[in-house]
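A.B. asks: Task: produce atomic coordinates for the following.
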Amino acid sequence: MIGQEGRQVERKVVAILRVLSDSPAPIGGRVIARRLPDLGFELGERAVRYHLRLMDERGLTQTVGKKDGRQITPAGLDELKCALVSDRLGHIASRVEMLSYATTFDPERRDGQVPINTSLFAAEELPRALVLMHEAFRAGSCVSDLVAVAREGAKLGEVTVPRGKIGLATVSSIAVSGALLKAGVPVVSKFEGLLQIHNHEAIRFTELVDCSGCSFDPAEVFIAGKMTSVRKANAEGEGKILASFLELPSLCKSGAETVLGRLRAAGFDGLIKIGEASEPSCGAPAGVNRFGLTLQHGLNPVAAAAETGIEVTNYAMSGVIEYRELTSIREFSSIKA
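C.D. replies: Below you'll find the predicted structure:
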């Protein structure tokens with residue numbers, strides 16, 4: 001049993017529990033430390049590990065495997081339920097909303113700001129990663145084949161590339177949400193998850209995370225946990241890819257299809273499936289008089305590279321970038337470290 005001290009758990013411990021509860025796989029102090037700023041806390045990796053040891057002793061968390069991965073325990077979940085409502089609120093939905101409104105890309109004029117994800121590779125690893133990512137881009141496992149590359153010290157969105165790394169920006173599926181909102185079509189980002197592919201067709205979500213209750217993009221954890229099989233899905237038609245699920249009013253279906261057509265003409269696609277009114281799509285539920293859009297996640301090409309053992313640090317929804325700064329991935333086929 002957790003005593004009185006546990007019931008009055010510190011806000012920083014609650015934040016760590018929140019991060020662990022959002023993660024579908026065990027994660028370590030480094031990942032947790034990167035996610036805490038989204039919840040309003042700045043703790044270094046060492047401080048996080050210190051708190052994790054204390055939380056292990058209290059039975060709130062437990063180690064898994066040999067790489068210091070942690071997962072929340074039933075007692076930790078109970079503790080989280082006792083926490084303040086304000087500490088339990090997820091931030092991914094508000095982040096999606098903010099970037100959607102920050103998106104100003106005009107598909108007809110081909111200018112404006114585009115939302116991105118940022119991935120950091122060791123400089124010597126990027127050439128090999130690009131070869132692997134090319135396969136995913138060619139197969140259409142992306143939102144767009146436009147990318148941006150930045151060296152150490154430069155910024156991609158809100159991320160500064162650290163020493164020894166090269167940053168790669170990929171277009172986020174929020175580009176679709178932003179274009180829809182700009183056209184007056186209301187849209188809600190409902191879920192993110194792993195989508196099963198069978199015979200090259202989307203079947204169902206095998207993992208589904210509610211954006212309204214999550215503090216960070218689950219795609220980062222799916223990739224780090226080697227839970228995807230993007231390369232296999234593209235080559236053999238069998239596997240699991242990253243996908244997003246949007247919900248829109250049924251009356252706006254025609255308008256949404258028009259916007260999607262304009263985006264497609266500008267090289268922004270990623271559409272997997274358009275659902276029917278009030279009906280589940282790929283196993284994800286749509287509300288009454290609403291329909292779902294299932295989209296490729298912008299980090300699918302990066303996941304394909306990570307599946308081979310290439311180390312990468314991902315920052316989904318890392319900000320926006322000017323369209324003119326993006327270039328087709330084909331232009332980076334022979335980049336040097």
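A.B. asks: all helices in the chain, in order from the N-terminus.
C.D. replies: For the chain, helices defined by DSSP state H occupy the ranges 4-7, 11-22, 29-35, 45-57, 74-82, 85-88, 92-102, 126-138, 174-182, 218-224, 230-236, 253-265, 300-306.
A.B. asks: For residue 162, find the nearest of the ones you listed.
C.D. replies: Judged by Cβ to Cβ, the one of those that comes nearest to residue 162 is helix 29-35, at 12.3 Å. Using the backbone N, CA and C atoms, a C-beta is placed for each residue, glycine as well.
A.B. asks: Residues in contact with the closest one: which ones?
C.D. replies: 16, 19-20, 23, 43-49, 52, 68, 70, 215-216, 220-221, 224, 313 (Cβ atoms under 8 Å, 6 or more residues apart in numbering).
A.B. asks: give the contact list for residue 250.
C.D. replies: 277-278, 289-291.
A.B. asks: Kindly recompute the last result at 6 Å.
C.D. replies: 277, 289, 291 (Cβ atoms under 6 Å, 6 or more residues apart in numbering).
A.B. asks: give me the low-pLDDT residue ranges for this structure?
C.D. replies: Applying pLDDT under 70 to the chain picks out residues 1-10, 66-68, 81-91, 213, 215, 333-337.
A.B. asks: how about 50 then?
C.D. replies: For the chain, the stretches with pLDDT under 50 are 1-9, 84-89, 336-337.
A.B. asks: Domains in it, by residue range?
C.D. replies: What automatic domain parsing lists as the domains of the chain is 4-88, 97-332.
A.B. asks: Quick one: distance of the shortest one to the chain centre.
C.D. replies: Relative to the centre of its chain, domain 4-88 is centred 20 Å away, using Cα atoms, centre = their mean, to the nearest Å.
A.B. asks: cool, and the longest one?
C.D. replies: Remark: domain 97-332 is offset 8 Å from the chain centroid, using Cα atoms, centre = their mean.
A.B. asks: Can you give me the end-to-end span of that domain?
C.D. replies: One end of domain 97-332 sits 31 Å from the other (Cα to Cα, to the nearest Å).
A.B. asks: Can you give me the neighbour number for the residue nearest to residue 231 when sequence neighbours are not counted?
C.D. replies: Excluding the flanking residues, the one nearest residue 231 by Cβ to Cβ, 6 or more residues apart in numbering is residue 304, at 4.9 Å. Neighbourhood size, residue 304 [other Cβ atoms under 10 Å]: 29.
A.B. asks: Roughly how far does residue 257 sit from residue 120?
C.D. replies: Separation of residue 257 from residue 120 (Cβ to Cβ, to the nearest Å): 36 Å.
A.B. asks: again with residue 173
C.D. replies: Look at residue 173 and residue 120: by Cβ to Cβ, they are 20 Å apart.
A.B. asks: of the two, who's got more company?
C.D. replies: With other Cβ under 10 Å as the criterion, residue 173 and residue 120 differ in neighbour count, and residue 173 comes out ahead with 33 against 21.
A.B. asks: what about the more buried one, distance to residue 152?
C.D. replies: 28 Å.
A.B. asks: residues in contact with residue 19?
C.D. replies: 32, 35.
A.B. asks: go on, residue 242?
C.D. replies: Listed by Cβ under 6 Å, 6+ apart, the contact set of residue 242 reads 219, 297, 299-300, 303.
A.B. asks: Redo the residues you listed as JSON lines? Include distance to residue 249.
C.D. replies: Shown next, in JSON lines, are the contacts of residue 242 (distance: Cβ to Cβ, whole Å):
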{"residue": "219", "distance to residue 249": "26"}
{"residue": "297", "distance to residue 249": "23"}
{"residue": "299", "distance to residue 249": "28"}
{"residue": "300", "distance to residue 249": "28"}
{"residue": "303", "distance to residue 249": "31"}
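A.B. asks: Can you say which of the domains of the chain is packed in most?
C.D. replies: Mean neighbour count (mean count of other Cβ atoms under 10 Å) peaks for domain 97-332 among the domains of the chain, with a mean of 20.
A.B. asks: State the distance from residue 176 to residue 314.
C.D. replies: 20 Å.
A.B. asks: again, but for residue 245
C.D. replies: 20 Å.
A.B. asks: Check residue 182 too.
C.D. replies: 27 Å.
A.B. asks: Quick check: residue 181 touching residue 100?
C.D. replies: Yes - using Cβ atoms under 6 Å, residue 181 is in contact with residue 100, at 5.4 Å.
A.B. asks: Go through the helices of the chain and name the closest to residue 158.
C.D. replies: Across the helices of the chain, residue 158 has its closest neighbour in helix 92-102 (10.4 Å, Cβ to Cβ).
A.B. asks: The closest one: how far from the chain's middle?
C.D. replies: Using Cα atoms, centre = their mean, the offset of helix 92-102 from its chain centre is 13 Å.
A.B. asks: For it, which helices and strands make contact with it?
C.D. replies: Judged by 3 or more Cβ pairs under 6 Å, 6 or more residues apart in numbering; DSSP states H and E, helix 92-102 is in contact with helix 174-182, strand 312-322.
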